[in-house]
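Student: structure for this input, please:
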Amino acid sequence: MTTITLPPEIEIPLAEAACEQGITPEQLALQTLRTSFAPKANGAPPEKPAETLYDFLKGYVGTLSGSGESFSENCGERFTDYLVEKKKAGRL
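Tutor: Purely as a prediction, here's the structure:
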């Protein structure tokens with residue numbers, strides 16, 4: 001394994017390009033190096049970059065059913081009311 005230290009003039013654009021593609025800078029660097037230096041066996045197509053978590057889950061986002069109760073609404077007020085009740089009951 002080789003460790004390469006990148007100067008800022010390469011590291012910053014690499015990170016930006018990786019972010020745009022939804023992959024890590026390491027994945028983009030490896031993909032680019034493989035394209036330039038890894039021999040292709042029998043004219044095989046270039047290796048597909050690794051999937052991101054988004055790619056893996058994109059068909060499932062928003063498909064879960066909840067309880068119907070809005071737990072995220074007025075949560076600060078509900079938490080305060082809960083603490084007041086605990087204080088009154090002597091458990092705080």
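Student: distance of the residue nearest the centre of the chain relative to residue 23?
Tutor: Nearest to the mean C-alpha position of the chain, by C-alpha atoms, centre = their mean, lies residue 53 at 6.1 Å. Residue 53 sits at a distance of 11 Å from residue 23 (criterion: C-beta to C-beta, to the nearest Å). C-beta here means a position set from N, CA and C on the backbone, and glycine is covered the same way.
Student: quick check, pLDDT for residue 24.
Tutor: In this prediction, residue 24 carries a pLDDT score of 92.
Student: again with residue 53
Tutor: Confidence at residue 53, expressed as pLDDT, is 80.
Student: next one: the one 10 residues further on
Tutor: Residue 63 is assigned a predicted lDDT (pLDDT) of 63.
Student: check residue 82 too.
Tutor: Looking at residue 82, its pLDDT stands at 92.
Student: which SSE is it in?
Tutor: Here residue 82 is covered by helix 75-88, with elements defined by DSSP states H and E.
Student: what's that helix packed up against?
Tutor: Secondary structure elements in contact with helix 75-88, counted by 3 or more C-beta pairs under 8 Å, 6 or more residues apart in numbering; DSSP states H and E, are absent; no helix or strand qualifies.
Student: dump it to CSV, restricted to CA.
Tutor: What follows is the C-alpha trace of helix 75-88 in CSV, where atoms were taken according to Å, rounded to 0.1, in the frame of the first residue of the first chain:
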residue,chain,number,x,y,z
CYS,A,75,-41.0,18.8,20.5
GLY,A,76,-39.4,21.5,22.6
GLU,A,77,-42.7,22.4,24.3
ARG,A,78,-43.6,18.7,24.9
PHE,A,79,-40.2,18.1,26.4
THR,A,80,-40.6,21.1,28.7
ASP,A,81,-44.0,19.8,29.8
TYR,A,82,-42.6,16.4,30.5
LEU,A,83,-39.8,17.9,32.6
VAL,A,84,-42.3,20.0,34.6
GLU,A,85,-44.5,16.9,35.3
LYS,A,86,-41.4,15.0,36.5
LYS,A,87,-40.4,17.9,38.7
LYS,A,88,-43.9,18.0,40.2
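Student: what's next to that helix, contact-wise?
Tutor: Contacting residues not belonging to helix 75-88 are listed as residue 92 [C-beta atoms under 8 Å, 6 or more residues apart in numbering].
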